[in-house]
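Trainee: A predicted structure for the sequence below; I have some questions about it.
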There are 2 protein chains.
Amino acid sequence: MEVKRATVRDLRRRNRSTLLSTLFFEGPLSRFELGQRTGLSAATVSNVVGEMVDDHLVVEAGLVESDGGRPRVLLRVNPSYGHVIGVDVGETGVTMELFDLGMTRLAAHARPLPPPRPDPALVAPLIAEGLAELLAGAGVTQQDLIGIGIGVPGTVEQGDTVRVHAQAIGWDGIAVAELLGASGVTAPLFVDNGAKTQGQAEMWFGAGRGARHAVIALIGSGVGATVITDGTTYRGATSSAGEWGHTTLMFDGRTCRCGAKGCLEAYVGAEGILDRFRRERGGRAVPRPDEQSQLDFLLSAAERSTTARRVLEETVGYLGAGIANLVNLFNPERIVLGGWAGLALGSRLLPEIRVATAAHALRHAYEQTSIVLCELGSDAVAVGAATLPVEALLSSGADSRARRVVS
Amino acid sequence: MEVKRATVRDLRRRNRSTLLSTLFFEGPLSRFELGQRTGLSAATVSNVVGEMVDDHLVVEAGLVESDGGRPRVLLRVNPSYGHVIGVDVGETGVTMELFDLGMTRLAAHARPLPPPRPDPALVAPLIAEGLAELLAGAGVTQQDLIGIGIGVPGTVEQGDTVRVHAQAIGWDGIAVAELLGASGVTAPLFVDNGAKTQGQAEMWFGAGRGARHAVIALIGSGVGATVITDGTTYRGATSSAGEWGHTTLMFDGRTCRCGAKGCLEAYVGAEGILDRFRRERGGRAVPRPDEQSQLDFLLSAAERSTTARRVLEETVGYLGAGIANLVNLFNPERIVLGGWAGLALGSRLLPEIRVATAAHALRHAYEQTSIVLCELGSDAVAVGAATLPVEALLSSGADSRARRVVS
DNA sequence: AGACTAATTTTAAGCCGCGAATTAAGCCGT
DNA sequence: ACGGCTTAATTCGCGGCTTAAAATTAGTCT
């Protein structure tokens, strides 16, 4: 309801943003086509685009020939207008990647973190150091950065100062931006939950492209989800929405690591699946070193072992019900199944998962939903984080009056 | 992402809408205060408000004295600018109510419907007839109507032509607007799901006021929910979002009337509760004529009967887990418990329900959520439906160039 | 009655997007 | 090679919009 005021300047900003975004996502386009897609008059398109060309934000990119008539000049966002960095702060290490505005990865950098609880006071200098290294390697200064996006495990409170609560690594209300600032990071910072950035990556570049209402279901050791409503990720009142993993699927069921009983995560998270498998095997450990290969073992054992098959069938049932809950509540047009475990399960069992979902979802909503596999790996957290500053740039329209002009 | 173009006219419309909405919801305000709240300059406020006064959309409503200085003139939306009608099409009857723009109920009208499956071809003339009666009684013509809002059971497909799918009464893809048009109804029509209109009523006039992120959980014989994200009701891709009742709470549990197993509705819907109660009583029927009094019986029996108490305790547990799912997924700031059964349960057991919710929700999200009882009865469907045309009026800004001027 | 105060209204200026008219830039056939 | 033709991009003038500043209005206080 509460719309904000609108001045005549906001108009320009908004149209600039619209044009810039269409150019970014729908790739080289002529002024003419831009006019068609955005509904803006040719005059305005010309005018605004001219401004953006002056700002070096948009560049010409060849022309389309025609048979008779002036050829259309193609335009695209200038990849070297600026750079962005995406940081993936995981439980075991930090990955950083440098991109240009065309989202081409120019450099990457990874550092392990001392388990089990990386002291935030330690992580900040590590990032600052990695940043310096990345920039130096690519010959880019911090001034050229549009921004740095950071994906962290745990919930991110988007308040006046952004605070990170990550019980998994023992962070409680850490103000990441301030810490980094103290380590000499001056570029604009954007912090979000890692699952959400991964979901965003999938929406921009992966299986979610083009959907306005989608849910990215991420299954790894734990379980989470990114909900996209009307094209933007839904955050809820305090940005902790989408905690799919801890919804109750089996009232009074297995105890989850969150303390509650019957959470979805306890049934379809890799840890939960493997734990159930072990019990079915009479407590014998799965003969593989890590969770990921244990799950692979389980998946391939299904061909010969009825135990394994039963565990997987149950898992599919649980997962179907869990997905059906998403379908019933959010009525998305697409569900993207991701996360390393989600990918492993989905690539072998997607048809079965669809059937299980159909059994638990309302017909109408289910028929409107396609369930697909993700297209990016879980290393997409960093790209997703890098989209955060880009998103900010696009939606601000990169107003030259508010930003330095790149010479 | 895809923003629509914006012309300079849209600006005016939008500011008009902002001013009109704040005036509507925050009730008599002076031009000066309007300027403060909307962030618009005094000049613009004066200008736009002047226009709206000319259109008879806004009227002066006394003045606030000051000690020195020109007194502020209070303004409010003109209640008699036009009228709206809210229609509640239920499974057993149709209720219609006439309101002025101040949302004062001027007249009401109810008709039973022949159970079990009211033929849509029969309902339309019934509404048209009731409409004529309502209008005649209040001396209002159909021209004076801003619109008619209709709440129907079942999902409403908001497409080019609005279609209603209500399995409960055997409607499948009925184009209500067309049917009513054929019966001589010419006023603008707005159709939505009854639970959603009831939720909207609660948001505008009841326990949801002021919340930007909320869920109205409705428990009657069945179970549904209205999800409010960022101030507007969330509809999803095909407007069937919020089907909370058919989310799986107990995998492989009780069979629900939707055919699936373990749906929340099968545990906390009045029908489900009473069915469980009957079983606990060894199959003996509850000695009361209808569901509502049977539930009352169960609630008061809890004082002396351990069976009743156990059934209620279980119900509270299930309901808590169900609400916790909403909390975890939507991270709302408020959950409003409504519906006749929700009200009955909540008014006696709200503290216990809160505890049960806390046991299943993540701490962070739970702490941000208040769980409250609804303030309006389930007869609020009609008021809620009536808000639909009003909402349209407010968000269009009631542009005089697009509407007839009331003389 | 005159000074004072604070809310509105008026006025002039700066921007905006749009449609029409104009210019630019190739293709084609002779 | 040279008009004629077609389509894309620009330019120009117009009607609209919000704003800041100045002017006006409507009371209170002495």
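Mentor: Looks like it came in fine. Remember, predicted model here, so these are calculated numbers, not experimental data.
Trainee: which stretches of chain A have low pLDDT?
Mentor: For chain A, the stretches flagged by pLDDT under 70 are A:1-5, A:66, A:115-116, A:400-407.
Trainee: before we move on, which element is the residue of it most remote from its centre in?
Mentor: In chain A, residue A:68 marks the outermost C-alpha relative to the chain mean, sitting 44.8 Å out by C-alpha atoms, centre = their mean. Per DSSP states H and E: residue A:68 is located in neither a helix nor a strand.
Trainee: ditto for residue A:107
Mentor: Per DSSP H and E: strand A:105-112 holds residue A:107.
Trainee: so how far is that strand from its chain's centroid?
Mentor: Centre-to-centre, strand A:105-112 and its host chain are 18 Å apart (C-alpha atoms, centre = their mean, to the nearest Å).
Trainee: For DNA strand C, what's its nearest residue on the stretch 151-300 of chain A.
Mentor: As assessed by C-beta to the nearest atom of the strand, DNA strand C sits closest to residue A:231 within the stretch 151-300 of chain A, at 21.3 Å. No exception for glycine: its C-beta is placed from N, CA and C like everyone else's.
Trainee: Give the closest residue to residue A:111 in space, chain neighbours not counted.
Mentor: residue A:94 (5.1 Å; C-beta to C-beta, 6 or more residues apart in numbering or on different chains).
Trainee: and chain A, which residues reach DNA strand C?
Mentor: Applying C-beta under 7 Å from any atom of the strand, we find that chain A lies next to DNA strand C at A:8-9, A:11-12, A:15, A:39-44, A:47-48, A:63, A:65-71.
Trainee: and the residues you listed near chain B, which?
Mentor: Restricting those to those touching chain B (C-beta under 8 Å from any C-beta of the partner chain) yields A:8, A:11, A:15, A:39-40.
Trainee: Out of these, grab the one that's most surrounded.
Mentor: The most crowded member of these, judged by other C-beta atoms under 10 Å in any protein chain shown, is residue A:15 (23 neighbours).
Trainee: contacting residues around it?
Mentor: For residue A:15, the contacting residues are A:38, A:40, A:44, A:48, A:397, B:5-6, by C-beta atoms under 8 Å, 6 or more residues apart in numbering or on different chains.
Trainee: Just say helix, strand or coil for it.
Mentor: Assigned state for residue A:15: helix (three-state reduction, DSSP: H, G, I helix; E, B strand; the rest coil).
Trainee: separation between it and residue A:375?
Mentor: 32 Å (C-beta to C-beta, to the nearest Å).
Trainee: Residue A:196 contacts residue A:226, correct?
Mentor: Yes: look at residue A:196 against residue A:226 with C-beta atoms under 8 Å: they come within range, at 5.1 Å.
Trainee: what's the closest of the contacts of residue A:15 to DNA strand C?
Mentor: Taking C-beta to the nearest atom of the strand as the measure, residue A:44 is the one of those closest to DNA strand C, at 3.4 Å.
Trainee: residues in contact with that closest one?
Mentor: Applying C-beta under 8 Å, 6+ apart, the residues contacting residue A:44 are A:15, A:35.
Trainee: any chance you could map the helices in the stretch 51-200 of chain A?
Mentor: Using DSSP state H, counting those that start in this stretch, the helices found in the stretch 51-200 of chain A span residues A:120-138, A:176-182, A:194-205.
Trainee: Single out the most deeply packed of those.
Mentor: helix A:194-205 (a mean of 27; mean count of other C-beta atoms under 10 Å in any protein chain shown).
Trainee: Please list the outside residues in contact with that helix.
Mentor: Counting by C-beta under 8 Å, 6+ apart, A:25, A:86, A:88-90, A:103, A:149, A:151-153, A:192, A:208-209, A:211, A:214, A:216, A:218, A:224-226, A:228, A:233, A:242, A:336, A:338, A:374-376, A:378, A:380-385, A:387-388, A:391 sit against helix A:194-205.
Trainee: circling back to that earlier point, now flag whichever of the ones next to chain B among the residues of chain A next to DNA strand C is closest to residue A:250.
Mentor: residue A:39 (49.7 Å; C-beta to C-beta).
Trainee: For the closest one, what are phi and psi?
Mentor: Main-chain torsions, residue A:39, degrees, to the nearest 10: phi 80, psi 0.
Trainee: any idea how far it is from residue A:376?
Mentor: Taking C-beta to C-beta as the measure, residue A:39 falls 32 Å from residue A:376.
Trainee: try residue A:309
Mentor: 30 Å.
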